[in-house]
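# predicted model follows, preceded by the sequence.
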Amino acid sequence: MISFIKSGLMTTVQDGGRTGYQRFGMPTAGAMDRYAMYLANTLVGNDMDAAVLEATVSGPKLLFQTGCAFAITGADMQARLDGMPVEPNRAYSAQKGSLLELRYAMSGCRSYIAFAGGLAVQSVMGSCSTYTKAKIGGIDGRRANDGDTIKLLSPKKTLKNMALRHAGGALIPAYGSGVTLRVTLGPQQDRFTEAGLAALFSEEYTVTSESDRMGCRLMGKELELAGNKTADIVSDAVAFGSVQAPNGRPIIMMADHQTTGGYAKPCCVITADIPLAAQLKPGDKVRFMPISVEQAQSIHLEHMKRLKAFSDTIEHGFLLKHRPLLMHLAGRGFNIQVDEVLKT
């Protein structure tokens with residue numbers, strides 16, 4: 001069991017999201033930075049979509065009433081375990097009675113805390129994610145309060161290959177106050193003039209204080225509408241990362257986004273860059289850069305391939321290097337993959 005000595009500014013339980021219900025008007029919710037959640041769970045041996053704590057801007061102070069391994073990813077909130085510094089992106093073992101404290105985010109906006117074995121919270125429509133507007137999931141459908149407790153599902157104090165449970169290098173996104181988000185065009189880019197789209201892809205925008213888990217609101221040069229067209233459309237589907245432009249001002253739709261919307265969308269942030277958008281704070285600067293759908297798919301696959309290779313390293317205790325090989329047998333050619341074992 002873990003207890004909240006201090007709850008932090010906005011700490012909720014989140015997982016991979018409530019999928020399959022958008023046609024009924026139920027948002028997916030889930031972790032804002034899915035990649036950070038995946039990495040935290042990978043570090044402690046959980047399923048990638050398992051429930052974690054999402055802390056926003058400033059984190060909680062937690063008492064471990066049961067010994068358990070944990071990992072913190074995402075924003076660096078200067079975490080300390082029993083007064084000693086805790087590195088982000090590394091698994092640690094906490095003893096019964098240990099205190100884990102997260103402070104203010106130095107880089108990024110949201111931290112994710114995964115506990116080995118998972119959290120014992122109620123699942124609603126197949127997900128433990130907190131959606132506060134409907135008051136479902138997590139801790140009674142709300143953010144954590146001082147004094148709250150959460151049971152650990154199957155706590156594990158020690159994990160095999162503990163020395164390997166540390167992620168770095170290309171596995172860690174570069175959070176910052178000035179990021180460039182790659183986007184794919186559509187579906188209503190024809191509502192805007194060429195000059196309007198050029199401005200979107202050349203100007204710098206500032207994140208406003210009105211941003212939340214539903215949308216990241218931006219302030220900057222307005223997008224010029226084409227001819228006598230308006231930003232209003234017949235409502236259609238809204239996706240995580242869609243960029244709406246009511247009154248010509250961009251809003252990035254985030255985890256708690258509505259299922260449909262009636263504003264034109266000139267573009268959509270690619271899946272691989274949504275974590276960067278999720279880590280933006282008010283005052284941060286952002287730019288947009290268009291790429292093709294094929295490029296977006298390739299980038300996402302490469303991200304997940306690196307995460308899978310890291311997971312394999314943790315599981316097996318050694319590195320696997322995948323090598324493509326063309327083999328000829330009986331006059332026929334075969335493309336095969338060889339896994340080369342490298343000592344760690």
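Everything's here; your move.

# list the contacts for Asp212?
Applying C-beta atoms under 8 Å, 6 or more residues apart in numbering to Asp212 gives the contacts Met254, Asp256. Every residue, glycine included, has its C-beta placed from N, CA and C.

# wait, isn't Met125 in contact with Gln22?
No: checked against C-beta atoms under 8 Å, the pair Met125 and Gln22 is beyond contact range at 11.0 Å.

# who's more crowded, those two?
Between Met125 and Gln22, counting by other C-beta atoms under 10 Å, Gln22 is the more crowded of the two (17 against 14).

# where's the more buried one relative to Met10, distance?
Using C-beta to C-beta, to the nearest Å, Gln22 is found at 24 Å from Met10.

# for the protein, which residues score under the pLDDT cut-off?
Counting by pLDDT under 70, the low-confidence segments of the chain come to 318-331, 333-335, 337-344.

# can you give me the helices in the protein?
In chain order, the chain shows helices spanning 34-43, 194-200, 274-278, 293-316, with DSSP state H as the criterion.

# mean neighbour count and distance to Ile139 added to the ones you listed, as JSON lines?
Listed next are those as JSON lines, based on neighbours: other C-beta atoms under 10 Å; distance: least, C-beta to C-beta, whole Å:
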{"stretch": "helix 34-43", "mean neighbour count": "27", "distance to Ile139": "17"}
{"stretch": "helix 194-200", "mean neighbour count": "17", "distance to Ile139": "39"}
{"stretch": "helix 274-278", "mean neighbour count": "24", "distance to Ile139": "21"}
{"stretch": "helix 293-316", "mean neighbour count": "15", "distance to Ile139": "28"}
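
# in CSV, list those along with distance to Lys265.
Rendered in CSV, the data for the helices of the chain read as follows (distance: least, C-beta to C-beta, whole Å):
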stretch, distance to Lys265
helix 34-43, 20
helix 194-200, 12
helix 274-278, 15
helix 293-316, 15
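
# kindly export stretch 20-35 (C-alpha atoms) in PDB.
Extracted C-alpha coordinates of stretch 20-35, given in PDB (Å, rounded to 0.1, in the frame of the first residue of the first chain):
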ATOM      1  CA  GLY A  20     -13.700   1.400 -27.600                       C
ATOM      2  CA  TYR A  21     -16.300   3.900 -26.200                       C
ATOM      3  CA  GLN A  22     -15.700   7.100 -28.100                       C
ATOM      4  CA  ARG A  23     -18.700   6.300 -30.300                       C
ATOM      5  CA  PHE A  24     -20.800   6.700 -27.100                       C
ATOM      6  CA  GLY A  25     -19.200  10.100 -26.400                       C
ATOM      7  CA  MET A  26     -16.700   8.700 -23.700                       C
ATOM      8  CA  PRO A  27     -13.200  10.200 -24.100                       C
ATOM      9  CA  THR A  28     -10.200   7.900 -24.000                       C
ATOM     10  CA  ALA A  29      -8.400   9.800 -21.200                       C
ATOM     11  CA  GLY A  30      -5.300   7.900 -20.100                       C
ATOM     12  CA  ALA A  31      -1.700   9.100 -19.700                       C
ATOM     13  CA  MET A  32      -0.900  12.400 -21.400                       C
ATOM     14  CA  ASP A  33       2.700  11.200 -22.200                       C
ATOM     15  CA  ARG A  34       2.000   7.600 -23.200                       C
ATOM     16  CA  TYR A  35       5.700   7.000 -24.000                       C
END
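
# buried residues, it. List them.
For stretch 20-35, a neighbour-count test (16 or more other C-beta atoms under 10 Å) marks Gln22, Met26, Pro27, Thr28, Ala29, Gly30, Ala31, Met32, Asp33, Arg34, Tyr35 as buried.
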